[in-house]
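>>> need a structure here:
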Amino acid sequence: NYRNKGGAFRKPEDLEKVYGISAGQAEALKPYVSIKTGDRKPPQNEAEGTAPAAEPSPSEVEEEPMSIDINTATPEQWQTLKGIGPAFARRICGFRDKLGGFAHTGQVAETYGLPDSTFQLIRPRLRVEQPVKRLPINQLDAAGLKAHPYLSWKYANAIIAYRGQHGAFSSAEEVARIRSIPAEVLKKMESYWSFE
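Numbering: from 1, shown residues only. The predicted structure is shown next:
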């Protein structure tokens, strides 16, 4: 899917760009990744039977596009990516700020209205370096929890009620015991909890 949508693997670390592969899985797969470069055979010169060894002119050499850190990039930097105009750039930055930062590049695809085709086009140029801002789950009230895009009032109130009955949370596993919050929401929130 990644290759079919224009993605390319130039180094084993590029596995981390594939949506659905966690950093741990990518790390485990790296020793088994082999990426061959330059094995395309040049066209044969009919007269000599060999390919002419011509150096490409400077205009033919394309520079590798710069990647951006999705947690620190400005709207102007987002606009350097193909398919991202001022409106999408502002929307991506707004979503990122509400989240407290992106935990992985796949979250950019969740930006409201961003076509998947555009996301797949820019995905190879996205990287995550800056860590996310964490939510102190044991200190926030329902409104503070609800401010996070992944949490509804229902989920925020369930967290407060559970905390009131069982005391402070000490791990994501404890939060996962709240049955009224779907597993996919809990999984998304794992990167954002702080248990201070």
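
>>> for this structure, what helix or strand is lowest in average pLDDT?
Ranking every helix and strand in the chain by mean pLDDT, DSSP states H and E puts helix 23-29 at the bottom, with a mean of 73.

>>> so who does T111 touch?
For T111, the contacting residues are 88, 91-92, 95, by Cβ atoms under 8 Å, 6 or more residues apart in numbering. Where you see a C-beta, it was placed from the backbone N, CA and C, and this is true even at glycine.

>>> Find me the pLDDT at it, would you?
The confidence metric pLDDT takes the value 97 at T111.

>>> picking that back up, reformat the contacts of T111 as a markdown table; add distance to K146, pLDDT and neighbour count.
Below are these laid out as a markdown table (distance: Cβ to Cβ, whole Å; pLDDT from 0 to 100; neighbours: other Cβ atoms under 10 Å):
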| residue | distance to K146 | pLDDT | neighbour count |
| --- | --- | --- | --- |
| F88 | 26 | 97 | 21 |
| R91 | 21 | 97 | 17 |
| I92 | 22 | 97 | 24 |
| F95 | 16 | 97 | 17 |
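
>>> So which of those is the closest to V33?
I92 (29.5 Å; Cβ to Cβ).

>>> helix or strand for that closest one, which one?
helix 86-99 (DSSP states H and E).

>>> Against which helices or strands is that helix packed?
Counting contacts by 3 or more Cβ pairs under 8 Å, 6 or more residues apart in numbering; DSSP states H and E, helix 86-99 is packed against helix 75-78.

>>> Give the other helices and strands that the helix it packs on contacts.
Partner elements for helix 75-78 (3+ Cβ pairs under 8 Å, 6+ apart): helix 86-99.

>>> Pull the contacting residues for T80.
66, 68.

>>> from what I can see, it looks like it's in a strand, true?
No. The assignment for T80 (DSSP: H, G, I helix; E, B strand; the rest coil) gives coil, which keeps it out of a strand.

>>> Can you read off the pLDDT for it?
95.

>>> in this protein, which spans are helices?
23-29, 75-78, 86-99, 116-122, 142-146, 153-166, 172-175, 183-189 (DSSP state H).

>>> can you list these in TSV and add distance to V108?
Below are the helices of the chain laid out as TSV (distance: least, Cβ to Cβ, whole Å):
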stretch	distance to V108
helix 23-29	16
helix 75-78	9
helix 86-99	6
helix 116-122	6
helix 142-146	23
helix 153-166	23
helix 172-175	23
helix 183-189	14
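
>>> That's all I had, so thanks and see you.
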